[in-house]
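Visitor: mind folding the following:
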Amino acid sequence: AAERRIARPADGKSLDDFSIKDTPYAFVVEGAAIERFVQMTNWDYFESFKRFAQVLTMSGVEKALNEAGAGEGDRVVIGKYEFEWSDDRRESNLFESWKAKQDEKPAGTTLQGTRHWPH
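Guide: Down below sits the predicted model:
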């Protein structure tokens, strides 16, 4: 029988290895892999934003934020990315959140991620 191998990230960091700090300004999520994921995400595309929401659930960040007391509209910071928290994961709500972030950025700029880590 073939030996089953468990895939591990090349750098040994895992998306579920993070901490949350409740500061007066925002809930700050810190962790090498989740911050790298945010940095590498191309925020110009709605599909990327949906994937980000899935990763927050899959990694346990969503559950941990809820347990830390994050509520609707609270500010969350992961790396250099800042957003308002919402428990509503319906696609229409995700689209409205993504569209609002698109409208915030100055014309001619991009929030495109980079594949270089660390920066």
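Visitor: quick one: secondary structure of residue 99?
Guide: Counting by DSSP: H, G, I helix; E, B strand; the rest coil, the backbone at residue 99 sits in helix.
Visitor: give me the neighbour count for it.
Guide: Here the count is done by other C-beta atoms under 10 Å, and residue 99 has 12 residues near it. In short, each C-beta sits where N, CA and C put it, glycine included.
Visitor: going forward can the numbers begin at 612, since that is how I track them
Guide: All right, first residue 612 from here; so that's residue 710.
Visitor: any idea how far residue 626 is from it?
Guide: When distance is defined by C-beta to C-beta, to the nearest Å, residue 710 is 26 Å away from residue 626.
Visitor: contacting residues around the host helix or strand of residue 694?
Guide: Counting by DSSP states H and E, the element that carries residue 694 is strand 692-695. By C-beta atoms under 8 Å, 6 or more residues apart in numbering, the residues outside strand 692-695 that reach it are 637, 649, 652, 654, 684, 685, 686, 687, 708, 712, 722.
Visitor: you'd agree the fourth one is up against residue 715?
Guide: Just to be clear, that refers to residue 654. No: applying C-beta atoms under 8 Å, one finds residue 654 not in contact with residue 715, separated by 10.6 Å.
Visitor: report the rounded mean pLDDT for the strand holding residue 694.
Guide: Confidence over strand 692-695, taken as the mean pLDDT, stands at 90.
Visitor: pull out the buried positions in that strand.
Guide: In terms of neighbour count (16 or more other C-beta atoms under 10 Å), strand 692-695 has its buried residues at 692, 694.
Visitor: roughly how far out does it sit from the chain middle?
Guide: Taking C-alpha atoms, centre = their mean, to the nearest Å, one finds the center of strand 692-695 at 9 Å from the center of the full chain.
Visitor: that older thread, the contacts of strand 692-695 in strands, which ones?
Guide: Secondary-structure check on the contacts of strand 692-695 using DSSP state E: residues within strands are 686, 687.
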